[in-house]
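A.B. asks: Got a sequence here, can you model it:
(one chain, ligands or ions: 1)
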Amino acid sequence: MTVKHWPSSSLLPAIHGPLPGPKARAIIHRDQQVLSPSYTRGYPLVVERGNGAIVVDVDGNRFLDMNAGIAVVATGHCHPRVVDAIQRQADKLIHMSGTDFYYENMVALAEKLATLAPGDSPRRVYFGNSGTEAVEAALKLARYHTGRRRFLGFLGGFHGRTAGSLSITASKVAQQRRFGPLLAGVDHIPYANCYRCAYGKQPDTCHVECVKVLEDSLFKSVIPPEEIAAIVVEPIQGEGGYVVPPRKFFDELQAVAQRHGILIIADEVQCGMGRTGAMFASTHFGLDPDIITIAKGIASGMPLGAMIARASIMNWTPGAHASTFGGNPVCVEASLATLELLEESLMENARLMGEHIRSRMQHWPRRFPIVGDVRGIGLMIGFDIVRSQKTREPAKNLRDRIEMLAFERGVLLLGCGESGIRLSPPLVIQREQADFALDVLEDCLAVAHAG
Ligand SMILES: Cc1ncc(COP(=O)(O)O)c(C=O)c1O
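C.D. replies: Next up is the predicted model:
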């Protein structure tokens, strides 16, 4: 087995000329003729290969990927052990369809995930191919099990773009426009975004008005609670802005759900799989969800999603739900290798590197008037770009400019929320790389602020 290893000097970015280079320009031109215009590309990056936290574009420019291919390649790009697992499995069996037949590694992965899931309840696992499929499965199971039809979601939440999950998504209006009507019976309430509290409260003194509104008002006036199958919540909002709620938000939410027999679906597609320094972000908040959805980081880039439910809830019968490709044996093998690496050292690295990065970033609001808030757990870190720290008015154009400035300097960033920037690097990121990215970001913030 030959696995590429680059010399350590190649751990950092190197840009050779104006971006995009000639080969990238040519590919982008072809892409624009034939690919769906619904994709959102923030800057012209055309990737050829990747290793660890580094990707190389078609013109030989090297970039530091501070977003792990949108929080997916937890073990870094092309980790040798993941590549090896994929190659060995591809040699043996690529597909059989776990919906109709059995194979051992799908059982092994389900056993592993059931053990790792938060709480003590026995769990069962359903496999799909993506985050949105995991969420679809969760919504269907919640309806099937409870016999109820309504759902409750949160403003800013992102759960996918297929019709069911899109009904719960409330992130950007472009994702909804001209697609309705979607699922009936879905309501959204404000999330516990303490930087921009919908109720004008302070986190230390609030009474969790964002959950209390349910029993104080909505359940009395417009939503019969006994009709709600599940509350769908991201333990840390991802696309919505890398928003970290206080623990009391989840205490209240669980209490309300329990009182009314409502299930809690924790969507950990972005925040799960070791990114926060724990396998599941729910554990940081004492949250013991009835159903958990995961994807993204689960298989280091191979398409896999999973819905993990309490065994007592997963009472649907054969034929109720399945997917031809779900739990593909090659993806499953990549996932088993990924989980081993996460447990061996990468979750710990996420914790340590996350602390290091945040300890530098916490000074940013004092140093840069355009930085409004810095937050995060482990390697799920976000910060807001604002017009004024006093008004907290989002500065989207400035955020986009910072993203572009960083790209030109070889650091790949992604926005989130209205004017946030997220850092979700591969969990293999090294200190030297993290410091490089922060140096570049500080330079970009200074340039953007100077106008
Ligand atoms: C929390 C969350 N749920 C679901 C999804 C949908 O995942 P996918 O794009 O794999 O369908 C995403 C994707 O960003 C997500 O962040």
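
A.B. asks: Can you give me the neighbour number for residue 219?
C.D. replies: 17 (other CB atoms under 10 Å). The way it works is simple: take the backbone N, C-alpha and C, and place the C-beta from them, glycine included.

A.B. asks: That one: helix or strand, and which one exactly?
C.D. replies: If you go by DSSP states H and E, residue 219 is part of helix 219-221.

A.B. asks: what mean pLDDT does that helix have?
C.D. replies: Mean per-residue pLDDT for helix 219-221: 98.

A.B. asks: Pull the residues that contact that helix.
C.D. replies: Applying CB atoms under 8 Å, 6 or more residues apart in numbering, the contact partners of helix 219-221 are 225, 260.

A.B. asks: Name the residues that touch the following helix or strand past it?
C.D. replies: Using DSSP H and E, the helix or strand that follows helix 219-221 in sequence is strand 228-233. With contacts defined as CB under 8 Å, 6+ apart, strand 228-233 is touched by 135, 138-139, 142-143, 145-146, 148-154, 157, 159, 168, 253, 257, 260, 262-267, 290-291.

A.B. asks: same thing with stretch 157-167?
C.D. replies: 130-133, 135-136, 139-140, 151, 153, 168-171, 175-176, 179, 182-183, 186, 188, 191, 232-234, 237-240, 267, 269-270, 293.

A.B. asks: 6 Å instead?
C.D. replies: 131-132, 135-136, 139, 168-171, 182-183, 186, 234, 239, 267 (CB atoms under 6 Å, 6 or more residues apart in numbering).

A.B. asks: Ok, stretch 13-33 next?
C.D. replies: Counting by CB under 6 Å, 6+ apart, 44, 46, 57, 58, 59, 61, 62, 63, 64, 408, 410 sit against stretch 13-33.

A.B. asks: Buried residues in it, which are they?
C.D. replies: 13, 15, 19, 20, 21, 24, 27 (16 or more other CB atoms under 10 Å).

A.B. asks: Please flag which of the contacts of strand 228-233 sit within helices.
C.D. replies: Judged by DSSP state H, the contacts of strand 228-233 include 135, 138, 139, 142, 143, 145, 146, 168, 253, 257 as members of helices.

A.B. asks: Burial check on the third one, number of neighbours?
C.D. replies: Residue crowding around residue 139 was assessed by other CB under 10 Å; the count is 24.

A.B. asks: Please convert the contacts of stretch 13-33 to JSON lines, extending it with distance to the ligand, secondary structure and neighbour count.
C.D. replies: Putting the contacts of stretch 13-33 into JSON lines (distance: CB to the nearest ligand atom, whole Å; DSSP: H, G, I helix; E, B strand; the rest coil; neighbours: other CB atoms under 10 Å) gives the following:
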{"residue": "44", "distance to the ligand": "22", "secondary structure": "coil", "neighbour count": "16"}
{"residue": "46", "distance to the ligand": "21", "secondary structure": "coil", "neighbour count": "19"}
{"residue": "57", "distance to the ligand": "23", "secondary structure": "strand", "neighbour count": "22"}
{"residue": "58", "distance to the ligand": "25", "secondary structure": "coil", "neighbour count": "18"}
{"residue": "59", "distance to the ligand": "28", "secondary structure": "coil", "neighbour count": "18"}
{"residue": "61", "distance to the ligand": "26", "secondary structure": "coil", "neighbour count": "21"}
{"residue": "62", "distance to the ligand": "26", "secondary structure": "strand", "neighbour count": "18"}
{"residue": "63", "distance to the ligand": "21", "secondary structure": "strand", "neighbour count": "24"}
{"residue": "64", "distance to the ligand": "21", "secondary structure": "strand", "neighbour count": "25"}
{"residue": "408", "distance to the ligand": "26", "secondary structure": "helix", "neighbour count": "13"}
{"residue": "410", "distance to the ligand": "25", "secondary structure": "coil", "neighbour count": "19"}
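
A.B. asks: Present the buried residues of stretch 13-33 as JSON lines; the columns should include distance to residue 431 and pLDDT.
C.D. replies: Shown next, in JSON lines, are those (distance: CB to CB, whole Å; pLDDT from 0 to 100):
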{"residue": "13", "distance to residue 431": "16", "pLDDT": "97"}
{"residue": "15", "distance to residue 431": "22", "pLDDT": "96"}
{"residue": "19", "distance to residue 431": "27", "pLDDT": "97"}
{"residue": "20", "distance to residue 431": "30", "pLDDT": "98"}
{"residue": "21", "distance to residue 431": "30", "pLDDT": "98"}
{"residue": "24", "distance to residue 431": "30", "pLDDT": "98"}
{"residue": "27", "distance to residue 431": "34", "pLDDT": "98"}
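
A.B. asks: tell me which of these is nearest to residue 226?
C.D. replies: The closest of these to residue 226 turns out to be residue 27 (CB to CB; 54.6 Å).

A.B. asks: Got a quick ChimeraX command for the buried subset of the contacts of stretch 157-167?
C.D. replies: In ChimeraX, a selection of the buried entries from these looks like this (16+ other CB under 10 Å):
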select :131,132,135,136,139,168,169,170,171,183,186,234,239,267
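
A.B. asks: near the ligand, which of the contacts of stretch 157-167 show up?
C.D. replies: 131, 132, 135, 234, 239, 267 (CB under 6 Å from any ligand atom).

A.B. asks: which residue ranges form the helices in the stretch 51-200 of the chain?
C.D. replies: Along the stretch 51-200 of the chain, counting by DSSP state H, counting those that start in this stretch, helices occupy 68-71, 80-92, 104-116, 131-146, 163-168.

A.B. asks: helices or strands up against the longest one?
C.D. replies: Spelled out, that is helix 131-146. strand 123-128, helix 163-168, strand 228-233, strand 291-294, strand 305-310 (3 or more CB pairs under 6 Å, 6 or more residues apart in numbering; DSSP states H and E).
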